[in-house]
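K.L.:
Take a look and give me a structure for this.
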Amino acid sequence: MSDPVRFDILCAVARAELDADATARLDDAAARMDDWDALPDLLVHHGLTVLGARQLERVRDRVPADTWEEIRRRARAAHATSLALAGELRRIVETFDGADVPVLPFKGPVLAWRAYGDLGARPFVDLDLLVRPPDVSAAIAALGALGYIPTYHFTERQDAWFRRVDGDYAFVHPDTDCLVELHARAMSLRFEAMPPVEALWARRTFVPLAGRQVPVLSADDCFLLQALHGGKHRWERLEWVAVVAELLRQRGGDVASVLSQAPGARRAILLACTVASRWLRAPLSADMRARCARDPSVERLAATAWRRIASDAVDEGPEETAGKLAFNSRLQRGVAARARFAYRWAFWPSPEDWEFLPLPDALFFAYRVVRPLRLIGRYGRRARRAVAPADA
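P.N.:
Predicted coordinates:
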């Protein structure tokens, strides 16, 4: 953060409840703050609009009136949007139940409930639904019955590949502009560390959501997904860290069971624990602190994430994409894992390649050549440096 005082305020408000330490941190930062103008935009950027408005009530006498009103206005709008999307999620789940299509919502309102106990506490702009791969076609039909229109146009061969590797189909409702992502995988196979859908389904649990019990990821799988998602994006938003911090508080700082279920995500999990503990003072058990300390790459990745978030940069353009790729390469533990990650990124085709050069299904194999050529043209040496072997 270019202004460390503003960062202290953001870290202090990034939690469901203020304890004595967070209260003291907020009071101290507010007393040192001399420029509040950028705070409303920073709260939006970091996904902390609603939490920020709630916790800043304590020091509202220090916040300029115009700034306070802008924060409150944005918080009310974000809260209303989140609650409206939660209502739409209930409608979708009921439709899927009626069509006998098992569905498991994740992220969005489900994550807000898990982390904060409040559907409107975190902003989100879409709804994410996980279904088993064999149920994708029925799920697409159920969304169509609700008026949702797919934003993708795949050939038969493209669809088969996409469903196996990425599987995040996007739909939009023409009347409400509501965006729904239908997932055949919780995370792309390119990242390899997420357990298969059937394992996630077997461990599912239920939470109350908008007046009904809804199946969701288990507590372990929820933490794992947040660790992988945050690492994928270099922890560039504080609200992602805040969610992990709240989940750690609920678990007493111990995620050993998460590590045992997803050994391939070990470094991503330890990094999530490190940034949540260091930036937001989340609790960590002695065992977890020792595990984090034993992997020097975790410390280097945390420092990289810190420099990134401190720069106030916006993630766009070839340089930023290459930087994100390098970060994800370093999240892989060992040379073999890095080699697999590099291969999948360099040669496994994606919708961007199909759009770049439409080919008939009979020539689908040619995308193994088209993709690296497209990437070289767009990223050049940056991509090669990004996936080069580094620390193991």
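K.L.:
Let me know the average pLDDT across the helix or strand harbouring residue 376.
P.N.:
Here residue 376, judged by DSSP states H and E, is contained in helix 367-379. In this model, helix 367-379 has an average pLDDT of 91.
K.L.:
That one: which residues count as buried?
P.N.:
Within helix 367-379, the residues scored as buried using 16 or more other Cβ atoms under 10 Å are 367, 370, 371, 374, 375, 379. Any C-beta I mention is one placed from the backbone N, CA and C, and that applies to glycine too.
K.L.:
Who are the packing partners of that helix?
P.N.:
Helices and strands touching helix 367-379, as assessed by 3 or more Cβ pairs under 8 Å, 6 or more residues apart in numbering; DSSP states H and E, comprise helix 317-331, helix 335-347, helix 351-356, helix 381-386.
K.L.:
And the contacts of that helix?
P.N.:
With contact meaning Cβ atoms under 8 Å, 6 or more residues apart in numbering, helix 367-379 is reached by 318, 321-322, 346-350, 352-354, 356-357, 359, 383, 386.
K.L.:
how far off helix 335-347 does that helix point, in degrees?
P.N.:
On the basis of axes from the mean of the first three to the mean of the last three Cα atoms, to 10 degrees, helix 367-379 is oriented at 90 degrees to helix 335-347.
K.L.:
quick one on the thing from earlier: okay if I get the helices and strands packed on helix 367-379 as CSV plus distance to residue 273?
P.N.:
Listed next are the helices and strands packed on helix 367-379 as CSV, based on distance: least, Cβ to Cβ, whole Å:
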stretch, distance to residue 273
helix 317-331, 14
helix 335-347, 20
helix 351-356, 33
helix 381-386, 25
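K.L.:
how about those in TSV, adding mean neighbour count?
P.N.:
As requested, the helices and strands packed on helix 367-379 are exported to TSV (neighbours: other Cβ atoms under 10 Å):
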stretch	mean neighbour count
helix 317-331	18
helix 335-347	16
helix 351-356	16
helix 381-386	16
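K.L.:
Could you identify which of the ones you listed has the lowest mean pLDDT?
P.N.:
Sorting those by mean pLDDT places helix 381-386 lowest, at a mean of 56.
K.L.:
From residue 308, how far off is residue 162?
P.N.:
Distance of residue 162 to residue 308, computed by Cβ to Cβ, to the nearest Å: 30 Å.
K.L.:
And for residue 43?
P.N.:
19 Å.
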